[in-house]
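Asks: mind folding the following:
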Amino acid sequence: MYIDANQVFDPAATAITVTADSTNILDMGVGRDMGVGDGEALKVCVLCETTFTAAGAATMVIQILGAADNGGVPGTFYNYGETDALAVADCVAGKKLLDVDLPRKPPHLNVETNPRFYKLHYVIATGPMTAGKVQSWLAPGIEARVDYASGFTVNN
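Replies: Have a look, this model is predicted:
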C-alpha cells in the first residue's frame, strides 16, 4: 500500500511522551462528509513504531478530531471518535493502535458544517511515557500493512 504524503498525520517515528496533537493537520480542501459512503471508507491508521515505556502505569487515548473551515484555517476541533485507554503494555512495536473507518460527524455535535480539517490528539494519562513512537495516516480502503519488530542487529 502506498501512503500519500499529504494524508500523513505523523511521519515515521514520531515520539509521543506527553499529551500532544499529531504532527500534521490534514486539509481536505473543502468541508465535506468524509465518513462511510457507498464505496470503501477512508481509514485512520496508527502504527506503533517503537515500543512505549513509562515509569508507571501510563495510558494513551487516541482521539480523531475534525474542524470546519474558518476562512482557510481550522475552526474549533471536535472529537469525532476515540480509542479506549491503551495501557503502556499494549503499545508494542509493530502493533496497530488504531485502524478504523474515518468517523462521520457525530449527531450530538451542534455543528452545521462538515469538517475540512482533521488531526489526531494523543492523551497521555498517569504519565508521562518515557519512550514510544508512532506513525499515523489516512488511507483509502483496507489497511493490510504488517510491520514486524527487527529480528537481528547489525554491528558497525
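Asks: ok, and the closest non-adjacent residue to residue 127?
Replies: residue 58 (4.1 Å; C-beta to C-beta, 6 or more residues apart in numbering). Where you see a C-beta, it was placed from the backbone N, CA and C, and this is true even at glycine.
Asks: tell me who's in contact with that neighbour.
Replies: 52, 88, 124-129 (C-beta atoms under 8 Å, 6 or more residues apart in numbering).
Asks: identify each buried residue in the helix or strand that contains residue 98, please.
Replies: If you go by DSSP states H and E, residue 98 is part of strand 96-101. Residues of strand 96-101 classed as buried: 97-98, 100 (neighbour count, 16 or more other C-beta atoms under 10 Å).
Asks: same check on stretch 49-59?
Replies: Those would be 49-52, 54, 58-59, for stretch 49-59 by 16+ other C-beta under 10 Å.
Asks: hmm, residue 124 is touching residue 52, no?
Replies: No. With contact defined as C-beta atoms under 8 Å, residue 124 does not reach residue 52; the gap is 9.6 Å.
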